[in-house]
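> my questions concern the predicted model and sequence given below.
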Amino acid sequence: MSFSDLRPAARRLLLLTWAAGALSLFAITIRSLVNDTPYPAPWAWLSFLGMMVIEDLVSGSGEDARWAALPRLTLFAAIIVFRRHPEITMLLALAAGPLASMIKRQSWFVEVSAGAQWVVAAALGAAAFRTAGFADTPHFVIATLVAALAMFLCGPLLSSAVQAAETDTAFGRLLFKQVGPYVLMTALGAGLALAWRTAGWQGDALKVGELAVVGLLGVFIGFIFGGELSRFEANVRRLANWRAVAVASLVGLVIVFAMPGLAFVPGIVVVVAMGGWAVHKRVPGAICGALGGLSNVAAVAFNGGRMPVVVPGPDRAGDFTDSSHTALTAATRLSWLADRFPMPVFPGVASPGDALVMLGMVWLIVDMMLRRPRTGDAAEELSPVAA
């Protein structure tokens, strides 16, 4: 379907969205000219770009969709992290929105609409945080609510309005489907952003960004070899039990916060369960990732619940050690599994287990994009695409 085939009401909504996006882009461009202190962490830009694209592929509009659905989690987190540098969030929005739409082979007007939605949401959210800030809890809560409202207006509300105008589906029914996931994603986005800004959790938040970039690499490799996102989605839905994953995650979080000394126990359970599932379902990428996770958990378990890390020098110990990491010494057990390899672009170091996890993630994504689920009695198994 071309843009001219849309109904007049839908076209008007999209045109208004594009105009708002252009105006927001102009305003942020003008403001960036007077901001001469660039954000000193290019790895953060790369992380958020990867997370935005991955989230759009997972939770945004589908491969055959005609209307953009604004990804909520990572853009919301980026608005908070880059609150004093809205031009950075704007660059991410301009790149990630159209890129995700292009990967899904959506129409050009969907790509433009996605970019416009992201730009407007980023501008309004950044303005909210510049005005209220979050020097204390009340200001942070107020700014977060304003940013969440801005994203709701630009995302679920607008997408539902366009789809209702085009399909004659009840607006309230379309909006209701997006409210629950939107609230959940907003909460997760705020948590991710706070972790990124908190010294004790920054390393864990950084891992999320690294894995998102690796996942995006896997998507591109899958496309190079002829894979399809529709196959990936079908295979993941068929193989994964998301209710069990949600319950296990909740139990793990309770253990981590209630019994910090046993924080590594959920990791052991997860990697063992993942490895068993991967062997049973014959998913080699997941097996590789589980081996990497088991390596990391072993290093943590044998060193008092903290991951040993190689510190470049005594003066930088604070940059590499926190409540979940400890400096590598002669007394460290399983030292060969410690964080010791510098990461390109990203700060910090990685372990052999991290390398296996990243390799397994790319392998899994490519595998799921290249395979078709079988039909019939063997539906839960996978068959490779014929060469």
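On my side now, so go ahead.
> low-confidence ranges in the stretch 1-150 of the chain?
Where the stretch 1-150 of the chain drops to pLDDT under 70, the residues are 1, 35-38, 59-69, 134-135.
> let's verify residue 106: helix, strand, or coil?
Here residue 106 is recorded as coil under DSSP: H, G, I helix; E, B strand; the rest coil.
> sorry, slip of the keys, the one I care about is residue 372.
Criterion first, three-state DSSP; result for residue 372: strand.
> wait, isn't it in contact with residue 231?
Yes - counting by CB atoms under 8 Å, residue 372 touches residue 231, with 5.8 Å between them. The C-beta positions use only the backbone N, C-alpha and C, and glycine is treated the same way.
> tell me which of the two has more neighbours.
For residue 372 versus residue 231, the count of surrounding residues by other CB atoms under 10 Å is larger for residue 231: 19 against 15.
> residue contacts, the more buried one?
Neighbouring residues of residue 231 by CB atoms under 8 Å, 6 or more residues apart in numbering: 368, 369, 370, 371, 372, 373.
> which of those residues count as buried?
Buried residues within these, counting neighbours by 16 or more other CB atoms under 10 Å: 368, 369, 370, 371, 373.
> what's the domain layout of the chain?
In terms of domains, the chain is parsed into 1-197, 202-387 (source: automatic domain parsing).
> mean neighbour count, those: which tops it?
Among the domains of the chain, domain 1-197 has the highest mean neighbour count (mean count of other CB atoms under 10 Å), at a mean of 19.
> who touches residue 58 in this structure?
By CB under 8 Å, 6+ apart, residue 58 has no neighbours at all.
> in a strand, it, correct?
No - counting by three-state DSSP, residue 58 falls outside a strand, being helix.
> can you name the next helix or strand after the helix or strand hosting residue 117?
Residue 117 belongs to helix 108-132 when assigned by DSSP states H and E. On the C-terminal side of helix 108-132, the closest following helix or strand by DSSP H and E is helix 137-152.
> distance from that next one to the middle of the chain?
20 Å (CA atoms, centre = their mean, to the nearest Å).
> make 177 the starting number, not 1.
Let's use 177 as the start, then, which means that last one is helix 313-328.
> now the angle from the very next helix or strand once past it to helix 313-328?
Sequence-wise, the next helix or strand downstream of helix 313-328 (DSSP H and E) is helix 334-343. Helix 334-343 runs at 20 degrees relative to helix 313-328, counting by axes from the mean of the first three to the mean of the last three CA atoms, to 10 degrees.
> just checking, what packs against helix 334-343?
When contacts are defined as 3 or more CB pairs under 8 Å, 6 or more residues apart in numbering; DSSP states H and E, helix 334-343 sits against helix 184-209, helix 347-373.
> out of the ones you listed, which is closest to residue 505?
helix 347-373 (27.5 Å; CB to CB).
> and that closest one, how far out from the chain middle?
So, by CA atoms, centre = their mean, the centroid of helix 347-373 is 13 Å from its chain's centroid.
> angle of that helix against helix 313-328?
Using the same axes, to 10 degrees: helix 347-373 against helix 313-328 is 140 degrees.
> export the helix or strand just after helix 347-373 as PDB, just CAs?
Downstream of helix 347-373, the next assigned helix or strand under DSSP H and E is helix 378-400. This file holds the C-alpha atoms of helix 378-400, laid out as PDB (Å, rounded to 0.1, in the frame of the first residue of the first chain):
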ATOM      1  CA  GLN A 378      26.400   0.700  35.700                       C
ATOM      2  CA  GLY A 379      28.400  -2.300  34.700                       C
ATOM      3  CA  ASP A 380      25.300  -4.500  34.600                       C
ATOM      4  CA  ALA A 381      23.400  -1.900  32.600                       C
ATOM      5  CA  LEU A 382      26.300  -1.700  30.200                       C
ATOM      6  CA  LYS A 383      26.100  -5.500  29.600                       C
ATOM      7  CA  VAL A 384      22.500  -4.900  28.400                       C
ATOM      8  CA  GLY A 385      23.700  -2.400  25.900                       C
ATOM      9  CA  GLU A 386      26.600  -4.600  24.700                       C
ATOM     10  CA  LEU A 387      24.200  -7.600  24.200                       C
ATOM     11  CA  ALA A 388      21.800  -5.400  22.200                       C
ATOM     12  CA  VAL A 389      24.600  -4.300  19.900                       C
ATOM     13  CA  VAL A 390      25.700  -8.000  19.500                       C
ATOM     14  CA  GLY A 391      22.000  -8.900  18.900                       C
ATOM     15  CA  LEU A 392      21.700  -6.300  16.200                       C
ATOM     16  CA  LEU A 393      24.900  -7.700  14.600                       C
ATOM     17  CA  GLY A 394      23.200 -11.100  14.600                       C
ATOM     18  CA  VAL A 395      20.100  -9.700  12.800                       C
ATOM     19  CA  PHE A 396      22.300  -8.200  10.000                       C
ATOM     20  CA  ILE A 397      24.200 -11.400   9.600                       C
ATOM     21  CA  GLY A 398      20.900 -13.300   9.400                       C
ATOM     22  CA  PHE A 399      19.700 -11.000   6.700                       C
ATOM     23  CA  ILE A 400      22.900 -11.500   4.700                       C
END
